[in-house]
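Q: no FASTA, just this:
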């Protein structure tokens, strides 16, 4: 892996110690760019394409958007497609089959939480792994022999939360069925710890068995090319790239996850309720049907009431962000 090159016109990193090295992009059959339509994935795609173009492998990049349905901001899917088209990239949409997120909450009788983010695994990670399987099959149908190497690229940044700061910018996405040496070592260590009576959560992270996307047919690595970037770096990159941000940012939203993320700041939830009152009412109905508050410290009904009286942010103002 080579050191990351300085790129003219791009803002300096605030977290210099987290500057990621650039993987050998030419060693991967597919490079999957996870694009939500938000600013971080927008900047990530710009950064990725600089390196993929320099390495001569831009044709291996596939943009994927996990469509969250009614719980995401209007126009997000179309904007993600627009970002892919800006670079002339293949664009794929994945979506969970069956209930949407609100219906799933009603089925489970509870909302996701910081400790149990089943929304991410059910509506993003799971569907994207199905795309990975499809791409592996495509490669093999085209004559590829042996393990298919895939690089999964995401726009997660360290300054978004303490948990994301702990992530490494480049890692193998190992699993219990991956035959690599490291995954074999983890399996043995995990089995030994369990045999000794140690509960899974007490097993050291370095020895814990992983549940990633790699297996006997595919080798998957994860890269976070803008892991050490500040918010200012992100916006500077978008300005240079010339791609269009989602209009929710101009309305004061600091991030573009679900319209109502359980991890969002109260101010962001209130602003979102002002912008999307019908969706807020649907969330409040789910609260009523399940008897479970949207969050322990605040209900959606309370957010809706606060949104009715809260002043509209001034033009250009951004409400408080959140960690998660």
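A: Yep, that arrived. Owing to the predicted nature of the structure, the values given are computational and were not obtained by experimental measurement.

Q: so residue 306 touches residue 270, yeah?
A: Yes: using CB atoms under 8 Å, residue 306 is in contact with residue 270, at 5.1 Å. For every residue, glycine as well, the C-beta is placed using N, CA and C.

Q: Between those two, which has more neighbouring residues?
A: residue 270 (25 against 16; other CB atoms under 10 Å).

Q: A strand includes that one, no?
A: No: applying DSSP: H, G, I helix; E, B strand; the rest coil, one finds residue 270 to be helix, outside a strand.

Q: isn't it right next to residue 307, touching?
A: Yes: the criterion here is CB under 8 Å, and residue 270 meets it with residue 307 at 4.9 Å.

Q: shared neighbours, the two?
A: Both residue 270 and residue 307 lack any common contact, where contact means CB atoms under 8 Å, 6 or more residues apart in numbering.

Q: Skipping its backbone neighbours, what lies nearest residue 179 in space?
A: residue 216 (5.9 Å; CB to CB, 6 or more residues apart in numbering).

Q: which ones are touching the one you found?
A: 147, 177, 178, 179.

Q: The third one contacts residue 214, doesn't it?
A: Yes: Residue 178 lies in contact with residue 214 (CB under 8 Å); the separation is 4.0 Å.

Q: Where does residue 240 sit: helix, strand or coil?
A: helix.

Q: Hmm, it is touching residue 46, no?
A: Yes: in this structure, residue 240 is within contact of residue 46 by CB under 8 Å, at 7.3 Å.

Q: what about the two, which has more around it?
A: residue 46 (24 against 16).

Q: didn't that one look like it was pressed against residue 235?
A: No: between residue 46 and residue 235 there is no contact under CB under 8 Å: 11.4 Å.

Q: Can you spell out which residues form a bridge with residue 222?
A: Beta-bridge partners recorded for residue 222 (DSSP bridges): residue 152, residue 171.

Q: That one: what's it in contact with?
A: Residues 151, 152, 153, 154, 170, 171, 172, 173 are the ones in contact with residue 222 under the rule CB under 8 Å, 6+ apart.

Q: from what I can see the fifth one touches residue 221, true?
A: Yes: with contact taken as CB under 8 Å, residue 170 and residue 221 are classed as touching, separated by 6.8 Å.

Q: got any residues that touch both of the two?
A: residue 23.

Q: Neighbour count: those two, which is higher?
A: Neighbour count, other CB under 10 Å: between residue 170 and residue 221, residue 221 has more, with 20 against 17.

Q: Give me the distance between that one and residue 27.
A: As judged by CB to CB, to the nearest Å, residue 221 and residue 27 stand 9 Å apart.

Q: Can you report phi and psi for residue 33?
A: Main-chain dihedrals, residue 33, degrees, to the nearest 10: phi -100, psi 110.

Q: my guess is it meets residue 64, correct?
A: Yes: the pair residue 33 / residue 64 is scored as a contact, 7.0 Å apart, by CB under 8 Å.
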